[in-house]
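Trainee: what follows is a protein structure lacking sequence information:
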């Protein structure tokens with residue numbers, strides 16, 4: 001049975017073209033088709049025969065990652081967007097008024113299985129090159145919470161390691177290969193540290209809508225753990241906390257990036273039991289105060305969430 005095609009108001013059609021213009025021509029039509037499909041589904045579910053501009057934006061948001069949110073905020077209210085995103089670059093008052101937030105992700109609290117009869121060993125990796133930046137401070141608080149819960153802790157700054165890129169040689173997949181990776185650099189000692197750890201903390205800033213290069217290179221090198229015939233050097237049992245930070249003042253904008261890191265850890269049999277999102281680090285000094293320290297230090301209630309998560313990590 002033929003169904004009447006969904007029609008778009010003039011404003012909706014203008015909005016659709018404006019959104020489609022985000023992408024280069026080579027992929028534009030494919031994105032537009034997906035938005036139209038989602039738009040039709042939304043309209044059908046609500047008994048609508050005509051779509052307005054607001055419905056177009058809603059459909060587009062369901063098609064693209066949350067990292068596109070700033071563009072939609074521009075489309076919806078350019079004046080408000082400029083106030084929240086541009087004024088903090090020129091006004092000290094606006095910079096200091098940026099809402100700094102930390103969100104501890106919803107989680108279950110499983111009991112520890114086969115708990116070791118010793119203090120838990122927690123190893124943290126900071127992928128931010130900023131010592132005393134927001135990522136670093138959140139990791140420090142998580143480690144302080146873990147120590148207060150009785151754990152032994154260690155932190156590694158990834159930018160200080162001599163860490164080459166994975167060369168794709170696939171030597172690690174050869175039967176009988178005894179090393180983890182053929183590359184001779186600081187990852188040789190990191191591999192064993194990870195194996196010896198009971199829990200890991202991975203903290204990183206988000207640049208250009210994805211994890212920073214330091215973390216990407218680091219996790220690429222984990223491929224050496226995966227051996228011939230799908231064997232693995234990493235056995236199940238390790239837990240993890242993932243901490244992601246960014247400048248945009250919306251707490252869920254880059255959840256998909258954090259979820260991707262959680263999924264990569266899961267591929268290596270590391271179960272993430274704690275995750276933190278932290279946002280609002282942009283403007284005149286790009287998330288730092290006048291002493292070149294992360295502004296999160298001036299928000300003890302938010303910082304405490306990392307401490308609490310660190311204590312919980314040590315007990316799992």
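Mentor: Okay, I see it. These figures come from a predicted structure and were not determined experimentally.
Trainee: use CA for all of it now, contacts and neighbours both
Mentor: OK.
Trainee: is residue 308 part of a helix or strand, or is it coil?
Mentor: Following DSSP: H, G, I helix; E, B strand; the rest coil, residue 308 is assigned to helix.
Trainee: these two touch, right, it and residue 142?
Mentor: Yes - if you go by CA atoms under 8 Å, residue 308 and residue 142 touch, sitting 7.2 Å apart.
Trainee: tell me which of these two has more neighbours.
Mentor: A direct count of neighbours by other CA atoms under 10 Å for residue 308 and residue 142 places residue 142 higher, at 28 against 18.
Trainee: so what's the more buried one up against?
Mentor: 306, 307, 308, 309, 310, 311 (CA atoms under 8 Å, 6 or more residues apart in numbering).
Trainee: closest one to residue 119 out of the residues you listed, please.
Mentor: Using CA to CA, residue 311 comes nearest to residue 119 of the contacts of residue 142, at 12.7 Å.
Trainee: elements contacting the helix or strand in which the closest one is found?
Mentor: Take DSSP states H and E as the rule and residue 311 turns out to sit in helix 300-314. On a contact count with 3 or more CA pairs under 8 Å, 6 or more residues apart in numbering; DSSP states H and E, helix 300-314 meets strand 101-104, helix 134-148, strand 238-246, strand 270-279.
Trainee: for it, buried residues please.
Mentor: Using 16 or more other CA atoms under 10 Å as the test for burial, helix 300-314 gives 302-314.
Trainee: name the residues that touch that helix?
Mentor: Counting by CA under 8 Å, 6+ apart, 100-104, 120, 122, 138-139, 141-151, 199, 239-241, 273-274, 276, 296-297 sit against helix 300-314.
Trainee: quick one: low-confidence ranges for the chain?
Mentor: 1-4, 108-117 (pLDDT under 70).
Trainee: ok, longest helix in it?
Mentor: Secondary structure assigned by DSSP state H gives helix 25-45 as the longest helix of the chain.
Trainee: following element in sequence after that one, please.
Mentor: Next along from helix 25-45, by DSSP H and E: strand 50-51.
Trainee: and the next helix or strand after that following strand, how far out from the chain middle?
Mentor: Note on strand 50-51: by DSSP H and E, the next helix or strand toward the C-terminus is helix 53-63. A distance of 24 Å separates the centroid of the chain from that of helix 53-63, by CA atoms, centre = their mean, to the nearest Å.
Trainee: quick one: the strands in the stretch 51-200 of the chain?
Mentor: Secondary structure of the stretch 51-200 of the chain (DSSP state E, counting those that start in this stretch): strands at 101-104, 121-126, 152-157, 199-207.
Trainee: want to throw the ones you listed into JSON lines with mean neighbour count and distance to residue 289?
Mentor: Formatted as JSON lines, these follow (neighbours: other CA atoms under 10 Å; distance: least, CA to CA, whole Å):
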{"stretch": "strand 101-104", "mean neighbour count": "18", "distance to residue 289": "16"}
{"stretch": "strand 121-126", "mean neighbour count": "24", "distance to residue 289": "20"}
{"stretch": "strand 152-157", "mean neighbour count": "17", "distance to residue 289": "21"}
{"stretch": "strand 199-207", "mean neighbour count": "23", "distance to residue 289": "17"}
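Trainee: right, so of these, which gets closest to residue 187?
Mentor: With CA to CA as the measure, strand 152-157 is the member of those nearest residue 187 (11.5 Å).
Trainee: for that closest one, packing partners?
Mentor: Looks like strand 152-157 contacts strand 121-126, helix 134-148 (3+ CA pairs under 8 Å, 6+ apart).
Trainee: okay, angle between that strand and helix 134-148 too, please.
Mentor: Here strand 152-157 runs at 170 degrees with respect to helix 134-148, directions being taken by axes from the mean of the first three to the mean of the last three CA atoms, to 10 degrees.
Trainee: run the chain-centre distance for strand 152-157.
Mentor: On the basis of CA atoms, centre = their mean, strand 152-157 sits 20 Å off its chain's mean C-alpha point.
Trainee: partners of that strand in the sheet?
Mentor: Under the criterion DSSP bridges, strand 152-157 sits next to strand 121-126 (parallel) in its sheet.
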